[in-house]
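Asks: predicted model, plus sequence, below.
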Amino acid sequence: MGYYYMPGDYRIIHHPIIDFRRGRRIRFYYNDRVVEAYEGESILAALYAIGYRVFSYSPDGRRPRGAFCMIGKCSSCLSIVDGVPNTRICITPVREGARVYSQKGIPEIPHKLRVEPVETKTIKTDVLVIGGGPAGLQAALTLADEGFDVVLVDDHPRLGGQLVKQTHRFFGARRFYGGVRGFRIAEKLSKNVLERDNIHVYTQALAYGFFKEGVVGVAVRGGKPLNLIVKPKAVIGSTGACERTILFENNDLPGVMGAGGAQTLMNEYGVRPGDRAFIVGSGNVGLIVAYQLLQAGVRVLGMAEILPHIGGWFVHAAKIRRLGVKIYTKHTVTRAIGRDRVEKAVISMIDEKYQPIPGSEKVFDIDLLLLAVGLQPNYSLFSQAGTVMKYVPEIGGLVPIRTYYMETSVKNLYIAGDASGIEEATTAFIEGEIAALTIALKLGDDRSGVEKRRDQLVDYLWREYRMSPVVERARRGKLKVTVSEEDMEKIRRGELDGF
Ligand SMILES: Cc1cc2nc3c(=O)[nH]c(=O)nc-3n(C[C@H](O)[C@H](O)[C@H](O)COP(=O)(O)OP(=O)(O)OC[C@H]3O[C@@H](n4cnc5c(N)ncnc54)[C@H](O)[C@@H]3O)c2cc1C
Ligand code: FES
């Protein structure tokens, strides 16, 4: 369907939607062999493109590990880069002459490593935004428009979060980019952010911890490494989400990957993730990724859905069914088979207790088994900061309790987007803007116009957008963790436990 490849190479040359403009050709060493890559690719994408599938091994050194999340959130790709162990090569860009080794088990401390002293820089700002996805970008732009100084950090080399890899037109309200392709939204917002003098952007910059008096530590890896100490008046955490896995035999075989991980390879780096795929989970993510794989020339041999019905939108399911993909409802994956990469997937029908029915197994010859089984909010920073948390299955698990204005139980720490509970980009934009306007109200002088805009948005979110039956489950979940400002004060004083 319009994709072409260089022979012997998994790189996509022509794409119907994305123009992959690759950077300069460079060389680096992988396990002492010379490897050619393009500037701008991650080390893992460059290796995947020429056929590598095993990147590290389990702590006992026995089980091979491949790519899973592709956004630096699991530990599947830990490698030794220029002597530094435990480096996540899925988010580390290739560099001319770099020496990369796969890591087998727990690494040794690199005693001989010659490390340049890392500069420490302390900066004061009005607001620190952690995460440059739709929630963080919208928040930063809103604050900049109100005249505040903003520092925006993101651990990925590019801004845009999940949007970067979405080639389809987004559903949702027009005023929040409904109908526009995800990566185009990312391009537009990133450009706007980078043009602002009062937004200071750091990419490849991981916010690693909160310290006393509201100080946040950020490790900047891009370019010259920098230890950034940020002293903001307020923080918005818009750290997004990561993909879940499920329990089955050999679920760690290389080639068993998150559906979003495959999307990153395919749509961000232009690398075909495999030849024959099977997908577990028929929510919108699974359905959309199935279509994108088909476009990429990957055969999709089927999808398994544990529920008796398809999880995502009918329109997406109809599209892939027309292209011959069978969706096995009331089925789940029970086993992956292979030595150092996945070769077969076994699925079974389930009974009314969701247990596999013996004898109902179906086996598929594959080299890619994608899990589209849900996302989990990236809550670790909030947990470390000491916010009161609650487990809410409807929105992906553990999330901080917050007010309707997105402030958590830690004063001046706000949350927005998927980190606050899994929904979609439209709500991420809205929550980011609500948090930003609330901070603008607090830090500014006379801002009655700001208050009106903020309250209109809160109204729109709760009384209009989340009233749609399509998002009913998420609404239920968010209601369980959203409290009034008065109740939040009681939670802070320990008079109410938040549960
Ligand atoms: C396949 C698929 C299809 C989708 N389709 C749609 C659709 O059609 N319409 C729609 O509205 N939504 C859609 N979504 C959902 C949408 O993409 C997400 O809901 C949205 O991107 C969430 O935005 P966010 O800003 O909260 O998080 P993200 O976009 O995940 O961004 C979070 C950012 O934070 C960074 N980060 C995380 N931790 C740290 C840290 N400690 N330090 C620094 N940076 C950090 C990450 O690198 C990332 O860049 C889709 C999602 C997927 C996976
Ligand atoms: S951390 Fe690299 S694949 Fe997950």
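Replies: Alright, I've got the coordinates. Ligands and ions are numbered 1, 2, ... in the order given.
Asks: domain assignment for the protein?
Replies: Domain segmentation of the chain under automatic domain parsing yields 4-102, 119-242+386-493, 256-375.
Asks: which one of those lies closest to ligand 2?
Replies: Across the domains of the chain, ligand 2 has its closest neighbour in domain 4-102 (3.3 Å, CB to the nearest ligand atom). For every residue, glycine as well, the C-beta is placed using N, CA and C.
Asks: now check the closest one, is it near ligand 2?
Replies: Yes - if you take CB under 6 Å from any ligand atom as the test, domain 4-102 does meet ligand 2, through A67, F68, C69, M70, G72, K73, C74, S75, S76, C77, R88, C90.
Asks: quick one on the thing from earlier: any chance of CSV for the domains of the chain, columns distance to ligand 1?
Replies: Shown next, in CSV, are the domains of the chain (distance: least, CB to the nearest ligand atom, whole Å):
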stretch, distance to ligand 1
domain 4-102, 6
domain 119-242+386-493, 2
domain 256-375, 4
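Asks: what's the closest of those to F248?
Replies: Of all the domains of the chain, domain 256-375 sits nearest to F248, with 5.3 Å by CB to CB.
Asks: about what we covered before: now for the residues of domain 4-102 next to ligand 2, which pair is the farthest apart?
Replies: Pairwise distances across the residues of domain 4-102 next to ligand 2 (CB to CB) peak at 12.8 Å, for the pair M70 and S75.
Asks: in the chain, which spans are helices?
Replies: Assigned by DSSP state H, the helices in the chain fall at 43-49, 134-145, 182-195, 259-263, 284-295, 314-322, 380-385, 425-443, 448-459, 472-479, 485-493.
Asks: relative to helix 425-443, how tilted is the third one?
Replies: Translated: helix 182-195. Counting by axes from the mean of the first three to the mean of the last three CA atoms, to 10 degrees, helix 182-195 lies at 20 degrees to helix 425-443.
Asks: filter the residues of domain 4-102 next to ligand 2 down to the buried ones, PyMOL style.
Replies: Applying 16 or more other CB atoms under 10 Å to the residues of domain 4-102 next to ligand 2, the buried members can be selected in PyMOL as follows:
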select buried, resi 67+68+69+70+72+73+74+76+77+88+90
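Asks: just the ones of the residues of domain 4-102 next to ligand 2 in strands?
Replies: R88 (DSSP state E).
Asks: could I get the residues of domain 4-102 next to ligand 2 as TSV with pLDDT?
Replies: Shown next, in TSV, are those (pLDDT from 0 to 100):
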residue	pLDDT
A67	97
F68	97
C69	96
M70	96
G72	93
K73	92
C74	92
S75	90
S76	94
C77	97
R88	95
C90	96
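Asks: let's have the residues of domain 4-102 next to ligand 2 in a markdown table, adding distance to V458.
Replies: A markdown table is the format used below for the residues of domain 4-102 next to ligand 2 (distance: CB to CB, whole Å):
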| residue | distance to V458 |
| --- | --- |
| A67 | 40 |
| F68 | 37 |
| C69 | 33 |
| M70 | 35 |
| G72 | 33 |
| K73 | 30 |
| C74 | 35 |
| S75 | 39 |
| S76 | 40 |
| C77 | 41 |
| R88 | 37 |
| C90 | 37 |
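Asks: nearest to I106, of the residues of domain 4-102 next to ligand 2?
Replies: Nearest to I106 among the residues of domain 4-102 next to ligand 2, counting by CB to CB, is S75 at 11.5 Å.
Asks: contacting residues for that closest one?
Replies: S56, R88 (CB atoms under 8 Å, 6 or more residues apart in numbering).
Asks: same thing with Q204?
Replies: I91, P93, D155, H156, P157, V220, R221, G222.
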